[in-house]
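Engineer: sequence-free structure coming up:
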């Protein structure tokens, strides 16, 4: 009995720490015109355990940053943030006018209907990092996820 218990405990120590499981919904990228070098990516993230989105990248862009839109007095300002907290079980929306992924130095236009590759970099509460490959649907200029016309924060 003690040997079995000891073996079970020893095996538990050998199991690597689990990475956060992050569900991605409604991922989309705003379409661009041919000379445009920036766009935004929007999505909803739900993690099964506390985690953070600490970065992103794309083969179709020079860089991707996490940005926040915030009011400073009467002016809406966009600023980069180092990480976005993902509380366990609570959806976090990256949406026009709020948190979003700023896609910079595009390598060609993002055309409506295309799938745009993104790699999300997630850090679990214990500091373990994982990467999640997603495809975000490129939506036409003027698209809003609620079906309304225009509006939102265009990049």
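Structural biologist: Okay, I see it. Predicted, not measured: the structure shown is a model, and the values here were computed from it. Numbers count the residues shown, from 1 in each chain.
Engineer: C-alpha from now on. contacts and neighbour counts both.
Structural biologist: OK.
Engineer: Quick check: residue 27 touching residue 139?
Structural biologist: No - using C-alpha atoms under 8 Å, residue 27 is not in contact with residue 139; the gap is 10.0 Å.
Engineer: Could you list the low-confidence segments of this structure?
Structural biologist: By pLDDT under 70, the weakly predicted segments of the chain are 1-18, 147-155.
Engineer: where exactly do the helices run in it?
Structural biologist: 2-14 (DSSP state H).
Engineer: which residues touch the nearest residue to residue 132 once chain neighbours are set aside?
Structural biologist: Distance criterion C-alpha to C-alpha, 6 or more residues apart in numbering; nearest residue to residue 132, sequence neighbours excluded, is residue 120 at 5.1 Å. The contact partners of residue 120, by C-alpha atoms under 8 Å, 6 or more residues apart in numbering, come to 53, 55-57, 131-134.
Engineer: now, which of those residues lie within strands?
Structural biologist: 53, 55-57, 131-134 (DSSP state E).
Engineer: Of these, which is the most crowded?
Structural biologist: Neighbour counts for those peak at residue 53, which has 22 neighbours (criterion: other C-alpha atoms under 10 Å).
Engineer: how near is that residue to residue 26?
Structural biologist: According to C-alpha to C-alpha, to the nearest Å, residue 53 and residue 26 sit 16 Å apart.
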